[in-house]
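>>> here is my input, please return the structure:
(chains A and B)
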Amino acid sequence: MTAGAVADQRRAELPRRIKTTLHPTDRIFHAVSRVIGAMVLVLTGAIGLFLALQMLPVLHHYGFKFFTMQDWNPEQNVVGVAAAIVGTIEVALIALALAFPLALMTALFITEYTPPQLRSTLVALVDLMAAVPSIVYGLWGFYLLQPQGTHVARWLAEYFSFIPIFKVDTDAHAALWQQTRFTASAFITGLTVAMMVTPLACAVMRGVFAQAPPGEREAALALGGTRWGVIRSVVLPFGRGAIIGGTMLGLGRALGETIAVLMVLSQIYKINLRPLQVGGLTVSSLIANRFGEATALQLKALLAAGFVLFVMTLAVNTIAGVIVTRSRSGSATEI
Amino acid sequence: MTEDGTALLYDTTEYPQLVFDRGAHLDAVNISAWFGTTKVLERVNLSMPPGVVTALIGPSGCGKSTFLRILNRMHELVPSAKLAGEVRLNGSDIYDPSKRITETRRRIGMVFQKPNPFPTLSIGDNVVEGLKLNGTKVTRSDRADLIERSLSRAGLWLEVKDRLDTPGASLSGGQQQRLCIARSLAVSPDVLLMDEPCSALDPASTRRIEQTILELKDEVTIVIVTHNMQQAARVSQQCAFFLAETGTPGGIVEAGSTSEIFQTPRDPRTADYVNGRFG
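The predicted structure is shown next:
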């Protein structure tokens, strides 16, 4: 046996390395998509890194007080994001409390009750809601929603003021009530933001509800189920992930909403735990408001506030993404 | 013995005409059906008496599944579907506007080709879900009873009695199908429609389901669609042969007792089909 034959035999016992030669078009597409895909990650990372770096001198200068101080008064060397963070969460939660039922009901109505010939029109209308610029919502909130919404706020304060968050420090029962105590509040702002969050959450929910397995729908109907029964037994369990995920995506949007908040909410620099009462602050509206007049260190402080917001929305959106992709209940029955 | 050599489990020469306390009489009268402008069924008449398993046989696309879905108002779920004629349950038309559709579907249950238990629910909850769906309250003591009774009737009780809390989706395909039968039985239907219930199952599970069908036939009226000739011969006492010739809507070529259809068919097309010469 020659040396070559021995080597050949030895090679035959080893696993082969499989290599595919890609067609040039495939290779180009691979390269381009890989670069673009990587770019998205690099961009997000770069934004985060940039903001984090801006934050360092701020933390160095103000210390941990940056997170606990409520006032934003650079002239007196007092800068803190506590009021803004609390206010942001407050507005976002109010927006969600309103947007969640609205989005859920709209999505269910579109997928379960609307006649097919009307469905595409309704879907387009809801999508159009998402396309309206937020400045328009801001105007709408300021000129239309606010004058009406204050009556709702007063009613809530009148009957539920025994619950601390519904308290307003004015006499809600008075015949000549002080309407200005109820304007420009976190509640009115939340109402406005809810209008922007609803179409987003609705689109996510609708997409998944429409995919509820037809086999299970028919099973429920064949047992004598009503439409509501089908929703309860099939659609909602199947769409649970989308309900949670869609709401969280909406929360992400609500946290970052700027211009409409700036137009409606009147800024005060202390924690206001009375959402029905005038005044509040959110991180994004704080940045937008103070950006123009800022000195170098103040600018860094604003960027640091931006970083806090960035981390909050990134966390919320990531959790939402994980929930939406993970829970495709129903897929377990495929046989 | 049938002509193809399979033994009949049941002596079908004697057509049982007893009075049963369970099961209802289902009559299809002059049923025609359309999808859009395409007519798929023409003037189908079939009487499905209680205590008898009726098999609907025929090649694919002959309208037998459409016919079955007309029998419990599932046909109208397809937006373009239309129909003419009457389906009478114990003499009264189920398409009468005064009849509530949910009640009709409860009384005429359906088991589908692909097992479709509710995946997020446990085995026990799957059984009682039908009652919840049509708004019947079940007390805790009734619940256990109902679960045991329904699962026993579907021939699944012994296999699952120790794991009623595990998800329905964890069962094998054949067990899932029997769970679906149990679920249908829990709402006490008068009629049970089965649309090729064994076509996704292995031979052993198929055997088990057929046994279940034979055990149930005195309690509910059963109508089964099947592509499997031997299965029709094994489980049914009455048979209807559907056929749609090219370009024409489907209809019944011949209906009668299973032994007649398999041994002495009147129509040559029936003879060709049951002997496997086409379809």
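>>> C-alpha only now, for contacts and for neighbours.
OK.
>>> please enumerate the strands of the stretch 151-279 of chain B.
B:191-195, B:221-225, B:238-243, B:251-257 (DSSP state E, counting those that start in this stretch).
>>> the longest one packs against which elements?
Taking 3 or more Cα pairs under 8 Å, 6 or more residues apart in numbering or on different chains; DSSP states H and E as the contact definition, the neighbouring helices and strands of strand B:251-257 are strand B:38-48, strand B:238-243.
>>> out of those, which one sits most buried?
strand B:238-243 (a mean of 24; mean count of other Cα atoms under 10 Å in any protein chain shown).
>>> now the angle from that one to strand B:221-225?
Angular relation of strand B:238-243 and strand B:221-225 on a 0 to 180 degree scale: 30 degrees, by axes from the mean of the first three to the mean of the last three Cα atoms, to 10 degrees.
>>> partners of strand B:238-243, with directions?
strand B:53-57 (parallel), strand B:251-257 (antiparallel) (DSSP bridges).
>>> got a pLDDT number for the residue of the stretch 51-200 of chain A found nearest chain B?
Of all residues in the stretch 51-200 of chain A, the one sitting closest to chain B is A:Pro116 (8.2 Å; Cα to the nearest Cα). The predicted local distance difference test score for A:Pro116 is 85.
>>> picking up where we left off before, which one of the strands paired with strand B:238-243 lies closest to B:Phe278?
Distance to B:Phe278, taken as Cα to Cα, is lowest for strand B:53-57 among these, at 12.7 Å.
>>> quick one on the thing from earlier: would you list the helices and strands packed on strand B:251-257 in TSV and tack on mean pLDDT?
Formatted as TSV, the entries for the helices and strands packed on strand B:251-257 read as follows, by pLDDT from 0 to 100:
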stretch	mean pLDDT
strand B:38-48	92
strand B:238-243	92
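>>> verify the stated contact: B:Ile31 with B:Lys39.
No - counting by Cα atoms under 8 Å, B:Lys39 is not a contact partner of B:Ile31; they are 11.3 Å apart.
>>> residue 268: neighbour count?
If you meant another chain, say so; for now it's chain A. 19 (other Cα atoms under 10 Å in any protein chain shown).
>>> nope, chain B please
Using other Cα under 10 Å, B:Pro268 has 10 neighbouring residues.
>>> for residue 217, the count of nearby residues, please.
As the question left the chain open, I've gone with chain A. 20.
>>> that's the wrong chain, I meant chain B
B:Lys217 has 22 neighbours, counted by other Cα under 10 Å.
>>> for B:Ile57, see how far away it is.
In this structure, B:Lys217 and B:Ile57 are separated by 18 Å, where distance is defined by Cα to Cα, to the nearest Å.
>>> kindly report the same for B:Phe262.
The gap separating B:Phe262 from B:Ile57 is 11 Å, by Cα to Cα.
>>> swap in B:Val160?
Counting by Cα to Cα, the gap from B:Val160 to B:Ile57 is 33 Å.
>>> neighbour count: these two, which is higher?
A side-by-side neighbour count of B:Val160 and B:Ile57, using other Cα under 10 Å, places B:Ile57 first with 27 against 17.
>>> for that one, give the beta-bridge partners.
Under the criterion used here (DSSP bridges), B:Ile57 is bridged to B:Phe241.
>>> and the gap between it and chain A?
Taking Cα to the nearest Cα, to the nearest Å as the measure, B:Ile57 and chain A are separated by 22 Å.
>>> can you read off the pLDDT for that residue?
B:Ile57 is assigned a pLDDT of 92 by the prediction.
>>> go on, the one 4 residues further on?
According to the per-residue confidence, B:Gly61 scores 85 in pLDDT.
>>> count the neighbours of it for me.
Residues near B:Gly61, counting by other Cα under 10 Å, number 15.
>>> ditto for A:Ser33
Taking other Cα under 10 Å as the neighbour definition, A:Ser33 ends up with a count of 11.
>>> returning to what we had before: check contacts around the residue of the stretch 51-200 of chain A closest to chain B.
When contacts are counted by Cα atoms under 8 Å, 6 or more residues apart in numbering or on different chains, A:Pro116 is found next to no other residue.
>>> nearest spatial neighbour of residue 81, chain-adjacent residues omitted?
With no chain named, the answer covers chain A. Nearest-residue entry for A:Val81: A:Phe67, 5.4 Å, with adjacent residues in sequence omitted and distances by Cα to Cα, 6 or more residues apart in numbering or on different chains.
>>> nope, chain B please
B:Phe35 is the one closest to B:Ala81 (Cα to Cα, 6+ apart), at 4.6 Å.
>>> distance of that neighbour relative to chain A?
Computed with Cα to the nearest Cα, the distance linking B:Phe35 and chain A is 16 Å.
>>> quick one: contacts for that residue?
B:Phe35 makes contact with B:80-82, according to Cα under 8 Å, 6+ apart.
>>> cool, and A:Pro115?
A:Pro115 neighbours (Cα under 8 Å, 6+ apart): none.
>>> please report how far B:Phe67 lies from A:Ile268.
Applying Cα to Cα, one obtains 70 Å for the distance of B:Phe67 from A:Ile268.
>>> typed the wrong thing, it's A:Leu98
Distance, A:Leu98 to A:Ile268, using Cα to Cα: 24 Å.
>>> next one: B:Pro59
Here the criterion is Cα to Cα. By it, B:Pro59 lies 77 Å from A:Ile268.
>>> A:Gln146 belongs to a helix?
Yes - looking at A:Gln146 with DSSP: H, G, I helix; E, B strand; the rest coil, it is inside a helix.
>>> next, count neighbours for it.
For A:Gln146, using other Cα under 10 Å, the count is 24.
>>> repeat that for the one 4 residues further on.
By other Cα under 10 Å, 22 other residues sit near A:Thr150.
>>> check which helix or strand covers it.
Per DSSP states H and E, A:Thr150 falls inside helix A:146-160.
>>> could you check how far the most centrally placed residue in chain A is from A:Ile188?
Taking Cα atoms, centre = their mean as the criterion, A:Gly252 is the residue nearest the geometric centre of chain A, at 2.0 Å. Computed with Cα to Cα, the distance linking A:Gly252 and A:Ile188 is 19 Å.
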